[in-house]
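In: Model the structure of this input:
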Amino acid sequence: MLEKFFQLKKNNTNVRTEIIAGITTFMTMAYILAVNPDILSKAGMDQGAVFTATALSAAIATMVMALVAKLPFALAPGMGLNAFFAFTVVLGMGHTWQFALTAVFIEGIIFILLTAFNIRELIIKAIPMNIKHAISVGIGLFIALIGFKNAGVVIDNQATLVGLGKVVDVHANAAPLVALITLVVTGALLARKVKGALLIGIFFGTILGIPFGLTHLPTSFELAPPSLSPIFFKFEWANILTIDMVLVLLTFLFVDMFDTVGTLIGVSSKANMLDKDGQIPRVKQALFADAIGTTVGAVLGTSTVTTYVESASGVGEGGRTGLTAATTGVLFLAALFFSPLFLMIPSAATAPTLILVGVMMFTPITKIDLTDFTESIPAFLTIVMMPFTFSIAEGIVFGMLSYVILKVLTGKYKDISIISYLLALLFVLKFFMD
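Out: This is a model prediction of the structure:
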């Protein structure tokens, strides 16, 4: 039944590979179950209820991706977007968290409409092939940076922006050393073509972290998930026609749209899932998963749900179909009842996976045309601006703007589609709104 529904043989995969890939994806993004409640609690929301909303919204959206789009991508409340929700909209602008949830809900409805009328699909089609490959490479650098930062190998540095952490000072922080040892072990497993290498590496890092105090073994289990009632369907309709609502809504829309588009393109490029025209299979259904997840997530009581770049870890393990996403979705449901088990995995254990996935995401660079500067410069800016701005969306902005400008200035304006011109105009307007 699984073979027929997900067409495993057609996609050169099998049940075992897909399940391992799904587990790997979950392990690399399970941190959201701890981080999202912590961030949104700063806005005054009930932390336990947000945990339940996070797990449920991730499970629902990921299962839609699995069963409708049949693609190996997982979704959950997005990092960055949750920080904007809590620290900008609520703590910065002084609005209630109910106001912010209302903005997220409206955003989800708008995304459903944009997807139904193929507008988001048109945006994906308008992105040139070289930039699509560059998005994959840029995401590779971006998630590798996240991995190094999560492990404490790379740290904030006032003089040079970033610097090397104390990688051998186990008394101050053992995480960098544990992460680097795990990185070497996992890399060796990959080089030896061991099945499930990334997942084995996460388990190895978790065990290695025990004597260093990084892995905190659960002492008890609460089998009943926290109630949703404090945050379920809590909207504030009184201020939906204000300027603040428009500004908040536009920010949510912009960041989520281009983060999702970038992730779908980048991971699909790495997995060789793009067709001959550079398009993602069943992309409309994939975008619906994102839109439905955001809408349902707002009802449950959490910030914007988006496609996770950590899906690349599952693709790196060979995941190619919706069975990978279905496995991840089931694990998010299981996390409701076994949260201590999943949350004990330290960042030092998952960070090496992100770094190695960065290596895997880098391979499409060989497909980029570096002989034509009107192609290579936009591709380069797309790649470097993602880690430099800590944003997939900003990388796309710089890549597309430079593409349109260079093509026009060199007389190659026929290479540019109408949608690309409109995107460039939108990006220019964004700079004035920031």
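In: quick one: least confident helix or strand in the chain?
Out: helix 339-343 (a mean of 72; mean pLDDT, DSSP states H and E).
In: what's whatever helix or strand comes next after that one packed up against?
Out: Downstream of helix 339-343, the next assigned helix or strand under DSSP states H and E is helix 347-361. Here helix 347-361 touches helix 15-29, helix 129-151, helix 175-191, helix 197-208, helix 243-270, helix 311-316, going by 3 or more Cβ pairs under 8 Å, 6 or more residues apart in numbering; DSSP states H and E. Quick note: C-beta positions are derived from backbone N, CA and C, even for glycine.
In: For helix 347-361, buried residues please.
Out: For helix 347-361, burial by neighbour count (16 or more other Cβ atoms under 10 Å) applies to 347-358, 360-361.
In: Dump the residues you listed to a markdown table, plus distance to A188.
Out: Output for those, formatted as a markdown table (distance: Cβ to Cβ, whole Å):
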| residue | distance to A188 |
| --- | --- |
| S347 | 21 |
| A348 | 18 |
| A349 | 16 |
| T350 | 18 |
| A351 | 17 |
| P352 | 11 |
| T353 | 14 |
| L354 | 18 |
| I355 | 14 |
| L356 | 11 |
| V357 | 16 |
| G358 | 17 |
| M360 | 16 |
| M361 | 20 |
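In: What is the most widely separated pair among those?
Out: A348 and M361 (21.2 Å; Cβ to Cβ).
In: V299: neighbour count?
Out: Close neighbours of V299, defined as other Cβ atoms under 10 Å, add up to 19.
In: start at 692 instead
Out: I'll keep to 692 as the first residue from here, and by that count the last item is V990.
In: Skipping its backbone neighbours, what lies nearest Q970 in space?
Out: K816 (6.4 Å; Cβ to Cβ, 6 or more residues apart in numbering).
In: Report pLDDT for that neighbour.
Out: On the pLDDT scale, K816 is placed at 80.
In: So it, which state does it fall into?
Out: helix (DSSP: H, G, I helix; E, B strand; the rest coil).
In: And this structure, what are its domain boundaries?
Out: 700-835+918-1036, 1056-1124 (automatic domain parsing).
In: Just name the most buried of those.
Out: Scoring these by mean neighbour count under mean count of other Cβ atoms under 10 Å gives domain 700-835+918-1036 as the most buried, with a mean of 22.
In: hang on, the earlier thing: in a markdown table: the buried residues of helix 1038-1052, plus distance to L889 and pLDDT.
Out: Below are these laid out as a markdown table (distance: Cβ to Cβ, whole Å; pLDDT from 0 to 100):
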| residue | distance to L889 | pLDDT |
| --- | --- | --- |
| S1038 | 15 | 84 |
| A1039 | 15 | 89 |
| A1040 | 11 | 88 |
| T1041 | 10 | 84 |
| A1042 | 12 | 87 |
| P1043 | 9 | 90 |
| T1044 | 5 | 85 |
| L1045 | 10 | 83 |
| I1046 | 11 | 89 |
| L1047 | 7 | 87 |
| V1048 | 8 | 79 |
| G1049 | 12 | 84 |
| M1051 | 10 | 79 |
| M1052 | 13 | 77 |
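In: Could you say which helix or strand holds the closest residue to L766 other than its chain neighbours?
Out: Once flanking residues are discounted, L766 sits nearest to A752: 3.9 Å by Cβ to Cβ, 6+ apart. For A752, the element it lies in under DSSP H and E is helix 738-755.
In: and that helix with helix 706-720, angle?
Out: Helix 738-755 and helix 706-720 meet at an angle of 150 degrees, taking axes from the mean of the first three to the mean of the last three Cα atoms, to 10 degrees as the criterion.
In: got the CA coordinates for helix 738-755 in CSV?
Out: Output in CSV follows, covering the C-alpha atoms of helix 738-755 (Å, rounded to 0.1, in the frame of the first residue of the first chain):
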residue,chain,number,x,y,z
GLN,A,738,4.1,27.9,27.7
GLY,A,739,2.5,24.4,28.1
ALA,A,740,-0.4,25.3,25.8
VAL,A,741,2.1,26.6,23.2
PHE,A,742,4.0,23.4,23.4
THR,A,743,0.8,21.4,22.5
ALA,A,744,0.0,23.9,19.7
THR,A,745,3.5,23.7,18.3
ALA,A,746,3.4,19.9,18.1
LEU,A,747,-0.1,19.7,16.7
SER,A,748,0.4,22.4,14.1
ALA,A,749,3.6,20.8,12.9
ALA,A,750,2.0,17.4,12.8
ILE,A,751,-1.1,18.6,10.8
ALA,A,752,0.9,20.7,8.3
THR,A,753,3.5,18.0,7.8
MET,A,754,0.8,15.3,7.2
VAL,A,755,-0.8,17.6,4.6
